[in-house]
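S.K.: Sequence first, then the predicted structure, then my questions.
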Amino acid sequence: MGVIHVTDRAGQRHTLEAVEGWRVMEIIRDWGLPIEGLCGGACECATCHVFVAEDWLDKLYPPTEEEEDQLDTVVTKPSSRLSCQIIWTPDLDGLEVTLAPTGA
Amino acid sequence: MTDHIETDVVIIGAGPVGLFAVFELGLLDIKCHLIDILPKVGGQCAELYPEKPIYDIPGFPMVTGQGLVDNLMAQIEPFNPTFHLNEMVESLESIGTPEAPLFRVKTSENGTTFICKSVIIAAGGGSFQPKKPPIERIEAYEGTSVFYAVRKMEMFRNKKILIVGGGDSALDWTVNLQPIAKRLTLLHRRDAFRAAPHTVEKMRSLVASGDMDLHLGQVSALKGDNHVLEGAVIRKDDGSEFTVDCDVMLPFFGLTMKLGPIADWGLNLHENLVPVDTEKFETNVPGIFAIGDINTYPGKLKLILSGFHEGALAAQRVHRYVYPEKKLLFQYTTSSTSLQKKLGVAA
């Protein structure tokens, strides 16, 4: 067991219990935070876009070409990732992410 | 204009669930028209994941999104439904009674009007709309300096154009608008493009010959007064910023889904979903049904197969509204000659 820390779009930080093997998008959605995850984790929509805290970036598997293609459809920062492409493992206990803004 | 189309049922959304509803309605001799905002049928299956394999469609160990859509189109072919693509349902008015529902449905683009006895909403996550980038005050420029689609190229003659994105739309419009632009700049977050290689090459040669500019970065702010854009502030990955002069900006960030006008039709909504009962999948308005990802009820699973089941049950109740005098006889396609005739397979 472990946790992730998620800062929502209002700036409030939430600590969520994580489940091994779940996508970070799924953990966030299951706890009821506003993340759309329209395509259900198929890396096809970029509606689960998050910013990963600097010191966690290197601990993640780098994005696939497919994820990069989807990141092209949102306004990114160097710390941008799709949370459906981050599978939670105990190594990621304490992972810190911020929900990216959504367009109108 | 008093022209309108009279039909039994209007189905809003031509995704897999809307398509299969045509089949279930057709077996009951119910005619329908389908309306979809996309230029093609298939909804998310065709737009978001045409190549992705799906493993949980009964009877198909594996089928791609597009493969499923193609099969559904073949399956409903005997019922000859009419499609109205590139149209969005703007208004849905009830003009009947709860016992004998009747509706007037109007679309936006061509302003087609339908009069029908039932409406089935199979709109998935809502209607596909261009993704709007979260840039401060971008709304102030929409329609005057910021456009998410090109309707008339002439509008952009002699303009300083900033195109943002790295996909086919961004690249196609880059090479198409460059000859008539005063100056064209393409902005993308990285030096890789997921567009037709030929178009990417053309863009690269225009950059090499100095006929357009390519920058890597993100728009961080817009400059200008009174809805008239003058420039865009670009932030590079290293955090440094510079300004690109431009009169118009065309962001091409793909499509997303928005609930849209459904919110204004007098239906109960729960977190952007339409609550229905689980006997008929009817909404709070008799005669309006909601099936597939757009609906919600206790235990709802957003699976394509659930949407198929919901369509079959909704069709039973629609039959009562369309043929109030007729008793509905439950039949199987394996044994019923009358169903087989409708499918064009009777011996």
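M.R.: Ah, there it is.
S.K.: Secondary structure class of the residue lying closest to B:Met249 once chain neighbours are set aside, three-state.
M.R.: Excluding its sequence neighbours, the residue lying closest to B:Met249 (Cβ to Cβ, 6 or more residues apart in numbering or on different chains) is B:Leu162, at 4.6 Å. No exception for glycine: its C-beta is placed from N, CA and C like everyone else's. Assigned with DSSP: H, G, I helix; E, B strand; the rest coil, B:Leu162 falls in the strand class.
S.K.: Find me the pLDDT at B:Leu162, would you?
M.R.: You'll see B:Leu162 listed with a pLDDT of 98.
S.K.: Return the set of residues that bridge with it.
M.R.: Judged by DSSP bridges, the bridge partners of B:Leu162 are B:Thr185, B:Met249.
S.K.: ok, it - contacts?
M.R.: Counting by Cβ atoms under 8 Å, 6 or more residues apart in numbering or on different chains, B:Leu162 makes contact with B:185, B:187, B:219, B:232, B:244, B:246, B:248-250.
S.K.: can we see that at 10 Å?
M.R.: B:145-146, B:181, B:183-187, B:213, B:215, B:219, B:222, B:229, B:231-232, B:234, B:244-251 (Cβ atoms under 10 Å, 6 or more residues apart in numbering or on different chains).
S.K.: same check, this time on A:Arg23
M.R.: A:29, A:37, A:40-41, A:48, A:82-88.
S.K.: could the residues you listed be laid out in JSON lines, adding pLDDT?
M.R.: Formatted as JSON lines, the contacts of A:Arg23 follow (pLDDT from 0 to 100):
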{"residue": "A:Arg29", "pLDDT": "94"}
{"residue": "A:Gly37", "pLDDT": "88"}
{"residue": "A:Gly40", "pLDDT": "84"}
{"residue": "A:Gly41", "pLDDT": "88"}
{"residue": "A:Cys48", "pLDDT": "95"}
{"residue": "A:Leu82", "pLDDT": "97"}
{"residue": "A:Ser83", "pLDDT": "97"}
{"residue": "A:Cys84", "pLDDT": "96"}
{"residue": "A:Gln85", "pLDDT": "96"}
{"residue": "A:Ile86", "pLDDT": "96"}
{"residue": "A:Ile87", "pLDDT": "95"}
{"residue": "A:Trp88", "pLDDT": "96"}
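S.K.: I would like a ChimeraX command selecting only the buried ones among those residues, please.
M.R.: To isolate the buried members of the contacts of A:Arg23 in ChimeraX, using 16 or more other Cβ atoms under 10 Å in any protein chain shown:
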select /A:29,37,40,41,48,82,83,84,85,86,88
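S.K.: and of the contacts of A:Arg23, the nearest to A:Arg13?
M.R.: A:Ser83 (15.7 Å; Cβ to Cβ).
S.K.: Would you agree that closest one is in contact with A:Pro63?
M.R.: No: A:Ser83 is beyond contact range of A:Pro63, at 11.7 Å (criterion: Cβ atoms under 10 Å).
S.K.: send the alpha carbons of stretch B:326-333 over as PDB?
M.R.: Extracted C-alpha coordinates of stretch B:326-333, given in PDB (Å, rounded to 0.1, in the frame of the first residue of the first chain):
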ATOM      1  CA  LYS B 326     -50.300  -3.200 -32.100                       C
ATOM      2  CA  LYS B 327     -49.400  -6.000 -29.700                       C
ATOM      3  CA  LEU B 328     -45.700  -6.700 -29.800                       C
ATOM      4  CA  LEU B 329     -44.900 -10.400 -30.400                       C
ATOM      5  CA  PHE B 330     -41.500 -11.400 -29.100                       C
ATOM      6  CA  GLN B 331     -39.600 -13.300 -31.800                       C
ATOM      7  CA  TYR B 332     -36.200 -14.700 -32.600                       C
ATOM      8  CA  THR B 333     -34.200 -14.100 -35.800                       C
END
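S.K.: In the chain, mark out all the helices, start to finish.
M.R.: No chain was given, so I picked chain A. A:24-30, A:54-57, A:65-71 (DSSP state H).
S.K.: Chain B is the one I meant
M.R.: So, for chain B - with DSSP H - the helices run B:16-27, B:43-47, B:65-76, B:168-177, B:197-208, B:304-322, B:337-342.
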